[in-house]
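S.K.: for reference, the sequence and a predicted model appear below.
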Amino acid sequence: MTTAMAEAASRGRLGVRHTAEVTERMLALEEHDDRWILPFRGLRVTQILVDHAFSLRLDDAGQVRIEGKATLGWAAAGVRPETITLDPQRQDVAAGLAVFNTDVLSAVAFKSGVLRIVFSSGRLLRVPPDSDYEAWTAGGPGGMSVVSLPGGELAVWLPRP
């Protein structure tokens, strides 16, 4: 476990009573039939970087880099109807600053290539796959990496022990 993860756990941002074993389990990459649960729950968006991509730094423990179009809306149906398109290639990502200093409630990489992140503010970030390019990448502890490949499949590198 990285120092940043231990600090996030000690601050109680992961939402449960923390022991090293519980924290390690919560921060592990978890595979299901149609998705991977990314180990970002409880981590805070501490930095946003804009270049030809839109990147979120999650404490010092993870990063999400979005190079394709994304949508930013609300996790709860009917809360607020607006959904905004973020287009990193055109640097049209100002609305994405709304997730700065919020905590990740869930981060899911669907095996279809879709990324879905829900934040403590109630915002929902969704990135579909791109037919020609890698739409997004996510990196985390121990060299863990998940990439949405062109056409909608995932490449997954598990953390080193």
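M.R.: Sure thing, it's come through. Numbering: from 1, shown residues only.

S.K.: name the helices or strands packed onto the helix or strand that contains residue 49?
M.R.: Using DSSP states H and E, the element containing residue 49 is strand 45-50. Applying 3 or more Cβ pairs under 8 Å, 6 or more residues apart in numbering; DSSP states H and E, one finds that strand 45-50 makes contact with strand 54-58. Glycine gets a C-beta too; all of them are placed from N, C-alpha and C.

S.K.: could you say what helices and strands the strand it packs on packs with?
M.R.: Right, strand 54-58 is packed against strand 45-50, strand 62-66 by 3+ Cβ pairs under 8 Å, 6+ apart.

S.K.: out of those strands, which is closest to residue 135?
M.R.: Within the helices and strands packed on strand 54-58, the stretch nearest residue 135 is strand 62-66; the backing value is 7.2 Å (Cβ to Cβ).

S.K.: wait, residue 157 sits on residue 143?
M.R.: Yes. Proximity of residue 157 to residue 143 meets the contact threshold set by Cβ atoms under 8 Å, at 6.5 Å.

S.K.: looking at these two now, which is surrounded by more residues?
M.R.: Shown here are residue 157 and residue 143; by other Cβ atoms under 10 Å, residue 157 has more neighbours (13 against 10).

S.K.: what's the closest non-adjacent residue to the more buried one?
M.R.: In space, not counting the residues next to it along the chain, residue 157 is nearest to residue 145; the distance is 4.3 Å by Cβ to Cβ, 6 or more residues apart in numbering.

S.K.: next one: phi and psi at that neighbour?
M.R.: phi -150, psi 140 (degrees, to the nearest 10).

S.K.: what's the neighbour count on it?
M.R.: 16.

S.K.: out of the helices and strands packed on strand 54-58, deepest packed?
M.R.: Highest mean neighbour count among the helices and strands packed on strand 54-58 (mean count of other Cβ atoms under 10 Å): strand 62-66, with a mean of 22.

S.K.: downstream of that one, the next helix or strand is which one?
M.R.: strand 70-74.

S.K.: packing partners of that following strand?
M.R.: strand 84-86, strand 123-127.

S.K.: mean neighbour count, those: which tops it?
M.R.: Among the helices and strands packed on strand 70-74, highest average neighbours (mean count of other Cβ under 10 Å) belong to strand 123-127, with a mean of 21.
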